[in-house]
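K.L.:
predicted model and sequence below, questions to follow.
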Amino acid sequence: MRIGWIGLGNMGAPMSGRLVAAGHDVHGFDLSETARAAAAEQGVTLEETVAATVADADVVFTMLPNHDIVKAVLGGEDGVLANAKQGAVVVDSSTIDIDAARELHETTTAAGLRFLDAPVSGGISGAAAGTLTFMVGGDEAVLEDVRAVIDVLAGRIFYTGGAGNGQAAKLTNNMMLGITLAATAEGAVLAERLGLDASTFWEIAKVSSGDSWALRTWYPIKDVVETAAVNRDFQGGFATALLRKDLDLAIAAGGSTSTALPFATAVRQRMDQLIELGLGGQDCSVLVKLVDGELTNDTLDADVTATLSQENTP
């Protein structure tokens, strides 16, 4: 198939590269020269506009930071909806607001195209290995039409139901990730201060009740887990600002469903502190620096304690 790919960053470059390796004709666009270069190394044909990227594409993937950018890329004279061929499938693998995803289903369908909200979990390592988990909302028949393409990128594909349900699953999952990341950072620091060898404790926790994906993949002590961002000074990976955005969307969903989310709110405060300290672009596991006191804020502990001790009714 001919595939248009918009958003060639940490996730988009390896994902689009896997489609090239599988024999698809992949055309890509990104504003970042660094991202474009990374995708070119993967064999992606670079285009100068969104319109050129999606021309004649059977499937268009978008992997972008937020729903405002997704809407801008799809709309407008140079956008996807005005330039993709009728019947093409737009697969948005960004993590965006649930209501925004539902709106995009409507506008895409009205333009004569088809749409799936299909966010992913598994991080950069999963993107490179083709083991991502896809959470797909929309028309199940549309998913079946492009399943073979998504299979190249996925370890698992879950059909979650109607429009927006993929985003609902992703936001809930990422909220849980943020909370378990905070627990992992606190546990890692406590274990070291109690005199435990970091690698030994990690081996214990990963086969015990303290296990989590964050622990196995992101353990924030150097030289324990190869894939952890701490080994590369927290560069790359899942940016603090993006986790903060996802927590914000999850908390908003909690408000709309009268679901109290005090732990998610506490972790969002931690992310806010990191952003205020200029670390929004670093991997979110840099949170460990707040836990171990390398980064300090006089009001942080008081703020978090207050959040957890008060009823948090949306």
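P.N.:
Received the coordinates, thanks.
K.L.:
only C-alpha atoms from now on, for both contacts and neighbour counts.
P.N.:
Fine.
K.L.:
which parts of the stretch 101-250 of the chain are helices?
P.N.:
123-129, 140-151, 165-193, 198-206, 213-218, 240-256 (DSSP state H, counting those that start in this stretch).
K.L.:
buried set for the fourth one?
P.N.:
Neighbour-count burial for helix 198-206 flags Ala198, Trp202, Ala205 (criterion: 16 or more other C-alpha atoms under 10 Å).
K.L.:
need the residues that contact it.
P.N.:
By C-alpha atoms under 8 Å, 6 or more residues apart in numbering, the residues outside helix 198-206 that reach it are Ala188, Ala191, Glu192, Asp211, Ser212, Leu215, Arg216, Tyr219, Ile221, Val224.
K.L.:
show me just the buried residues among these.
P.N.:
Ala188, Asp211, Ser212, Leu215, Arg216, Tyr219, Ile221, Val224.
K.L.:
and which of those residues is nearest to Ile124?
P.N.:
For those, the minimum distance to Ile124 (C-alpha to C-alpha) is 14.7 Å, reached by Arg216.
K.L.:
excluding chain neighbours, what is closest to the closest one?
P.N.:
In space, and not counting its chain neighbours, Arg216 is closest to Lys206: 6.4 Å by C-alpha to C-alpha, 6 or more residues apart in numbering.
K.L.:
next one: that neighbour from Lys222, what distance?
P.N.:
Between Lys206 and Lys222 the computed distance is 17 Å (C-alpha to C-alpha, to the nearest Å).
K.L.:
Asn173 - how many residues pack around it?
P.N.:
By other C-alpha atoms under 10 Å, 14 other residues sit near Asn173.
K.L.:
sketch out the low-pLDDT regions of this structure for me.
P.N.:
296-314 (pLDDT under 70).
K.L.:
just give me the residue right at the centre of it.
P.N.:
Against the mean C-alpha coordinate of the chain, by C-alpha atoms, centre = their mean, the closest residue is Thr95 at 5.8 Å.
K.L.:
quick check: chain neighbours aside, which residue is closest to that one?
P.N.:
Nearest residue to Thr95 in three dimensions, chain neighbours excluded: Pro119, at 5.7 Å (C-alpha to C-alpha, 6+ apart).
K.L.:
cool, and Ile98?
P.N.:
In space, Ile98 is closest to Gly164, 5.2 Å off (C-alpha to C-alpha, 6+ apart).
K.L.:
next one: Asp151
P.N.:
Using C-alpha to C-alpha, 6+ apart, the nearest residue to Asp151 is Ile157, at 7.7 Å.
K.L.:
could you give the number of residues near the one you found?
P.N.:
Ile157, neighbours per other C-alpha under 10 Å, totals 19.
K.L.:
pretty sure it sits against Phe134.
P.N.:
Yes - here Ile157 lies in contact with Phe134, judged by C-alpha atoms under 8 Å, at a distance of 4.7 Å.
K.L.:
circling back to that earlier point, tell me the one of the buried ones among the contacts of helix 198-206 nearest Leu177?
P.N.:
Nearest to Leu177, judged by C-alpha to C-alpha, of those is Ser212 at 8.7 Å.
K.L.:
if we can go back for a sec, turn the helices of the stretch 101-250 of the chain into a markdown table, including distance to His105.
P.N.:
As requested, the helices of the stretch 101-250 of the chain are exported to a markdown table (distance: least, C-alpha to C-alpha, whole Å):
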| stretch | distance to His105 |
| --- | --- |
| helix 123-129 | 25 |
| helix 140-151 | 12 |
| helix 165-193 | 11 |
| helix 198-206 | 40 |
| helix 213-218 | 31 |
| helix 240-256 | 19 |
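K.L.:
for these, which one sits closest to Val60?
P.N.:
helix 140-151 (10.6 Å).
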